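Colleague: Quick check, what structure comes out for this input:
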Amino acid sequence: MSITLTAAAAKQIKQQLIKRGSGIGLKLGVKKSGCSGYAYTLAYAENLTSNETTFEQLGVQVIVTADDLPLLAGIELDYRYEGLNAAFKFNNPNVTAMCGCGESFAV
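Modeller: Coordinates of the predicted model:
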């Protein structure tokens, strides 16, 4: 199982960690939400717990809990600019359906 980052995502994570002045990486997870079942969560991590796995790529660590790993296995995290907006994008091969607004997904 792996989590991959594009160069743009790694750059954004590095910049945010520098701006914050602390943190070891980005915590990627899921929560039950929306009409399709799950939504992605992002937070900056200060430390690791025994229930978390780290994936390091392009000098950045992504941290995922054991419970969330089956839903995120194989995901690619990207960071894109679309017009005036910029956001992380999730390319998850496990997704079988997405809600109309794009905020939640099913596996």
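Colleague: So what's the residue count around the nearest residue to N47 once chain neighbours are set aside?
Modeller: In space, N47 comes closest to I24 once its chain neighbours are excluded; the distance is 6.7 Å by C-beta to C-beta, 6 or more residues apart in numbering. Heads up, the C-betas are built off the backbone N, CA and C, glycines and all. Residue neighbour count, defined by other C-beta atoms under 10 Å, stands at 15 for I24.
Colleague: Is I24 in contact with E56, as I believe?
Modeller: No: using C-beta atoms under 8 Å, I24 makes no contact with E56, being 10.4 Å away.
Colleague: Would you state the strands of this structure in chain order?
Modeller: Ranges of strands within the chain are 4-5, 25-33, 37-45, 52-57, 60-65, 76-82, 85-91, 97-98, 105-106, based on DSSP state E.
Colleague: okay, which residue is most central for this protein?
Modeller: L28 (3.9 Å; C-alpha atoms, centre = their mean).
Colleague: State whether that one and L77 are indeed in contact, as I suppose.
Modeller: Yes: the pair L28 and L77 qualifies as a contact (C-beta under 8 Å) at a distance of 6.8 Å.
Colleague: joint contacts of those two?
Modeller: Common neighbours of L28 and L77, using C-beta atoms under 8 Å, 6 or more residues apart in numbering, are 3, 62.
Colleague: Need the strands of the chain in CSV (columns: distance to K19).
Modeller: Shown next, in CSV, are the strands of the chain (distance: least, C-beta to C-beta, whole Å):
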stretch, distance to K19
strand 4-5, 18
strand 25-33, 13
strand 37-45, 10
strand 52-57, 20
strand 60-65, 14
strand 76-82, 14
strand 85-91, 14
strand 97-98, 31
strand 105-106, 29
